[in-house]
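> Give me the fold of what follows.
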Amino acid sequence: MRDSLNSYLTKAFSGTFVAYSAGVALAFLAQMVLTRFLGAASYGEYYFVLAWVMVLLVFAKSGADNALLRFVPAYIARDEWGLARGFVHWSLRRILITSAVSVAALVSMVALLGDSLAADAATFYIGAAIVPVLAYVYLRIALLKSLKHVVLALLPDSVLAPVVLILVVMVLSFSDGVELTATHAMWATFAAFACSAFAGFVLLRRRLPGRMKRAAVQSRATEWSLSSRSMLLITGAHMLLNNTDAIMLGFLSDSVAVGVYAVAAKCSILVFFPLIIANVTIGPLIPFFHATSDHAQLQSALDRSMQLVSYASLAAFAVLVLAGHQLLGLFGDGFDAGYAALIILSVGGLCNALSGPVANLLSLTGSERLVSRILVMTLGLNVILNLLLIPVFDILGAAVATAVSMAAWNLVMYAKTRSMLGLEANSLLGRMLGHAP
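Model prediction:
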């Protein structure tokens, strides 16, 4: 069993690293293309709308993707293929309804607030069309991950989408008489995600197990609904934590501040990028080993993964401290003003990385309600800090609010993971705190 675990971790980590690294490189290139053609102000408008799209996406997914990662691997471990197929069908119906409601809500908000928003209505309407497409993309990614096709789950979104975005932006930019705007950028984003959704659909059809396709559909709708509500709170609070700063900057400052801050936030992701890979790789193992009560194997997977994550994150933090100015300068004139915000956000990201996959460990083992409560309380802290700090310190205030909130919820969940599951999410951090031998 240990050999098969080591084999899975090695293949999944290496494949995920390659896919995600290619995706991150392409995403950075796409952002550089956008910032250089749009400028800080127009990019800020684009990012402001995209932040709203990501918030509405939470309600469109309604927790179904995270719940799928919890239930489907457990059903597969117990050979309950009818329940696995039933959950997929239930999830698709759910996101169809919630996506329609989310789109209607965004369109209504734009109609009511009109010119008071920091972007054109047309950009918002295109953003609304992206919501159901992304809801399907996330559900498809979760299903492929639960089937342990981690790399295939990532390829359309990480590689194809940014390539399409870059190509569409370049074509528009060099078209006669076209001056690239936030609305054009949102059209390019829609095209990118639509191509990703179609490619992912084709991959999923080819990789669905025959036993799942042939199984008679079984349902536990009440149980799934209750779990999805908790997952909705988790993903909702998490997504709001990631986007509240940009949204509140849009209301309390201006689009230039949003643009500069957005680039700093994108760059700070490099610090907890290794943890993202670990979460993707270990995610399917958590409910599987928990369902079979094999916490020793799960701890072994955590130890192997987090040693690499810790050192890689510390190295990335050092690179951003030393070369952050140069990195921000690649995005165009004026973006290096976000260096101080980048460092502050990176400190929060480092706390996130060193704490380990704590949210997944708790939410995928039945403690999703606890996770949701912690994140909702942290979201309240984040909003209060943003309201207090942005009017005084502008983007630095937003960065401090986000970094403090990120560190707070990760450290609280780290402690809960130890006390409730008896697992050390990161043995290196445990040794630093005197918890682990």
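
> How far off centre is stretch 141-155?
Computed by C-alpha atoms, centre = their mean, to the nearest Å, the chain-centroid distance of stretch 141-155 equals 15 Å.

> Can you give me the end-to-end span of it?
10 Å (C-alpha to C-alpha, to the nearest Å).

> avg pLDDT for that stretch?
Stretch 141-155 shows a mean pLDDT of 81.

> which outside residues touch that stretch?
Here stretch 141-155 makes contact (C-beta atoms under 8 Å, 6 or more residues apart in numbering) with 8, 12, 15-16, 18-20, 23, 64-66, 68-69, 72-73, 76, 88, 140, 157, 199-200, 203-204, 207-209, 280-281, 283-284. No exception for glycine: its C-beta is placed from N, CA and C like everyone else's.

> Filter those residues down to the buried ones.
The neighbour-count test (16 or more other C-beta atoms under 10 Å) marks 8, 12, 15-16, 19-20, 23, 64-66, 68-69, 72-73, 76, 88, 140, 157, 199-200, 203-204, 208, 280-281, 283-284 as buried among those.

> Low-confidence ranges, the stretch 151-300 of the chain, go.
The stretch 151-300 of the chain contains residues with pLDDT under 70 at 176-177, 230, 233-236.

> Now with 50, please.
Applying pLDDT under 50 to the stretch 151-300 of the chain flags no residue at all.

> Past the helix ranked longest in the chain, which element shows up next along the chain?
If you go by DSSP state H, the chain has its longest helix at helix 2-61. The element immediately downstream of helix 2-61 (helix or strand, assigned by DSSP states H and E) is helix 64-77.

> what's that following helix packed up against?
helix 81-113, helix 121-146, helix 221-252, helix 285-291 (3 or more C-beta pairs under 8 Å, 6 or more residues apart in numbering; DSSP states H and E).

> got the angle for that helix vs helix 81-113?
Orientation check (axes from the mean of the first three to the mean of the last three C-alpha atoms, to 10 degrees): helix 64-77 against helix 81-113 gives 180 degrees.

> who touches helix 64-77?
The contact list for helix 64-77 (C-beta under 8 Å, 6+ apart) reads 81, 83-84, 87-88, 91, 94-95, 138-139, 141-143, 145-147, 224, 227-228, 231, 234-235, 283-285, 287-288, 290-292, 363-364, 368.

> related to what we said a few turns ago, now the helices and strands packed on helix 64-77 as CSV including distance to L50?
Formatted as CSV, these follow (distance: least, C-beta to C-beta, whole Å):
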stretch, distance to L50
helix 81-113, 12
helix 121-146, 7
helix 221-252, 8
helix 285-291, 30
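
> So which of the ones you listed is nearest M54?
Within the helices and strands packed on helix 64-77, the stretch nearest M54 is helix 221-252; the backing value is 5.4 Å (C-beta to C-beta).

> Now the closest one: buried residues?
224, 227-250, 252.

> what helices or strands is the host helix or strand of S268 leaning on?
Taking DSSP H and E as the definition, S268 sits inside helix 255-282. In terms of contacts (3+ C-beta pairs under 8 Å, 6+ apart), helix 255-282 is packed against helix 2-61, helix 150-155, helix 221-252, helix 295-329, helix 339-355, helix 395-421.

> starting at the chain centroid, how far to that helix?
Chain-centre distance of helix 255-282: 9 Å, with C-alpha atoms, centre = their mean.

> Pull out the buried positions in it.
Within helix 255-282, the residues that qualify as buried are 255-282, counting by 16+ other C-beta under 10 Å.

> Check stretch 86-100 too.
G86, F87, V88, W90, S91, R94, I95, T98, S99.

> count of neighbours near the spatially closest residue to A111 that is not a sequence neighbour?
Nearest non-adjacent residue to A111, counting by C-beta to C-beta, 6 or more residues apart in numbering: A121, 8.0 Å away. A count of nearby residues for A121, using other C-beta atoms under 10 Å, gives 15.

> Give me the nearest residue to H238, chain neighbours excluded.
L375 (5.8 Å).

> tell me the SS of the one you found?
Classification of L375 using DSSP: H, G, I helix; E, B strand; the rest coil returns helix.

> count of neighbours near it?
By the measure other C-beta under 10 Å, the count of residues near L375 is 26.

> and what of S158?
For S158, the neighbour count with other C-beta under 10 Å is 22.

> Return the residues in contact with it.
Per C-beta under 8 Å, 6+ apart, neighbours of S158: A19, Y20, A22, G23, V24, L26, A27.

> how about a cut-off of 10 Å?
Going by C-beta atoms under 10 Å, 6 or more residues apart in numbering, S158 touches 16, 19-27, 141, 151, 196.

> Of those, which pair is most distant in space?
Farthest-apart pair in the contacts of S158 is A25 and I141; separation 19.3 Å (C-beta to C-beta).

> which of these two has more neighbours?
Taking other C-beta under 10 Å, A25 and I141 do not tie; I141 has more neighbours (24 against 13).

> how close does the more buried one sit to A161?
Distance, I141 to A161, using C-beta to C-beta, to the nearest Å: 12 Å.

> got any residues that touch both of those two?
By C-beta under 10 Å, 6+ apart, I141 and A161 have these common neighbours: S196, G200.

> among the helices and strands packed on helix 255-282, which is nearest E179?
Taking C-beta to C-beta, helix 2-61 is the member of those nearest to E179, at 9.3 Å.

> dump the residue contacts of Y125.
By C-beta under 10 Å, 6+ apart, the neighbours of Y125 are V49, V103, L106, V107, V110, A111, T183, M186.

> So what's the predicted local confidence for it?
pLDDT for Y125: 89.

> ok so, going back, D336 is nearest to which of the helices and strands packed on helix 64-77?
Nearest to D336, of all the helices and strands packed on helix 64-77, is helix 221-252, at 17.9 Å by C-beta to C-beta.
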